[in-house]
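In: Provide a 3D model corresponding to the input given below.
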Amino acid sequence: MAKHNSTTQKTEDNDEELHRKWNELLQEMRVMQTGAQILAAFLVVLPFQSRFDTLEVPDERFYLALLVASALVILLLITPVAVHRHFFGQQLKATTVHLGHNISRVVVVGVGVLVAGCVWFVLQVLHGWLTGLIVGGILMAAALFLLLILPRIVTPRSTLPDQ
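Out: Numbers count the residues shown, from 1 in each chain. Sure thing, here's the model as predicted:
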């Protein structure tokens, strides 16, 4: 059964729709992957800086949590590709697209929390726990609002009355 896409005025069948969705998903993952890899690289080189030796145990634990989180985010980012490779040629594109979609939802939040967490960590090391907590906490709350709540409260333009 063909679907009608009002923005392109073109009809696409199920295979074409799945192919389009997979390509859109891959593009979104590429955008997130760049940021996650840059943050992971930043975290990986930190122990080799002279000031790293002066960290207190709580700061080291915070750092280790961020490092592990960055590795998990990167692994999640490449999981849809691994699944796609595994199912390649088996006519399971719908399964692959669905799994990729669900993973990307987790990754979006993971990257946002990772960004906020890295800023939080840097601020607490440079200016103390209170500054890190205040600024990092506000940034973490903003990230969670923007990535979890805002997408759910936005009203699509197509549902708004004509003006």
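In: Please make it C-alpha for all contacts and neighbour counts, starting now.
Out: Will do.
In: Strands along the chain, start to end?
Out: Along the chain, counting by DSSP state E, strands occupy 3-5, 10-12.
In: and these, which one's lowest on average pLDDT?
Out: Looking over the strands of the chain, mean pLDDT reaches its minimum on strand 3-5, with a mean of 50.
In: At the geometric centre of the chain, which residue sits there?
Out: V108 (2.6 Å; C-alpha atoms, centre = their mean).
In: surely that residue meets L144?
Out: No - look at V108 against L144 with C-alpha atoms under 8 Å: they stay out of range, at 10.0 Å.
In: what number of residues lie near S50?
Out: A count of nearby residues for S50, using other C-alpha atoms under 10 Å, gives 8.
In: and if you look at T11?
Out: Neighbours of T11 using other C-alpha under 10 Å come to 14.
In: what about it, distance to H98?
Out: 21 Å (C-alpha to C-alpha, to the nearest Å).
In: same for the biggest helix by length in the chain, what does it pack against?
Out: Ordering each helix of the chain by length in residues (DSSP state H) puts helix 93-127 first. In this structure, helix 93-127 makes packing contacts with helix 14-45, helix 57-87, helix 129-131, helix 137-144, judged by 3 or more C-alpha pairs under 8 Å, 6 or more residues apart in numbering; DSSP states H and E.
In: so what's R51 up against?
Out: Contact partners of R51, counting by C-alpha atoms under 8 Å, 6 or more residues apart in numbering, are absent.
In: try 10 Å this time
Out: V125 (C-alpha atoms under 10 Å, 6 or more residues apart in numbering).
In: before we move on, what about A116?
Out: A116 touches G110, V135, G136, G137, I138, L139, M140, A141, A142, A143, L144, counting by C-alpha under 10 Å, 6+ apart.
In: ok, now which ones touch the second one?
Out: The neighbourhood of V135, defined by C-alpha under 10 Å, 6+ apart, consists of A116, V119, W120, L123, Q124, A141.
In: Repeat that for the first one.
Out: Going by C-alpha under 10 Å, 6+ apart, G110 touches 32, 36, 69-70, 72-74, 76, 104, 116, 143-144, 147.
In: In JSON lines, list those along with pLDDT and distance to E17.
Out: Converted to JSON lines, those look like this (pLDDT from 0 to 100; distance: C-alpha to C-alpha, whole Å):
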{"residue": "M32", "pLDDT": "86", "distance to E17": "23"}
{"residue": "A36", "pLDDT": "89", "distance to E17": "28"}
{"residue": "A69", "pLDDT": "94", "distance to E17": "33"}
{"residue": "S70", "pLDDT": "94", "distance to E17": "32"}
{"residue": "L72", "pLDDT": "94", "distance to E17": "30"}
{"residue": "V73", "pLDDT": "93", "distance to E17": "27"}
{"residue": "I74", "pLDDT": "92", "distance to E17": "27"}
{"residue": "L76", "pLDDT": "92", "distance to E17": "24"}
{"residue": "S104", "pLDDT": "91", "distance to E17": "18"}
{"residue": "A116", "pLDDT": "95", "distance to E17": "35"}
{"residue": "A143", "pLDDT": "95", "distance to E17": "31"}
{"residue": "L144", "pLDDT": "95", "distance to E17": "30"}
{"residue": "L147", "pLDDT": "93", "distance to E17": "26"}
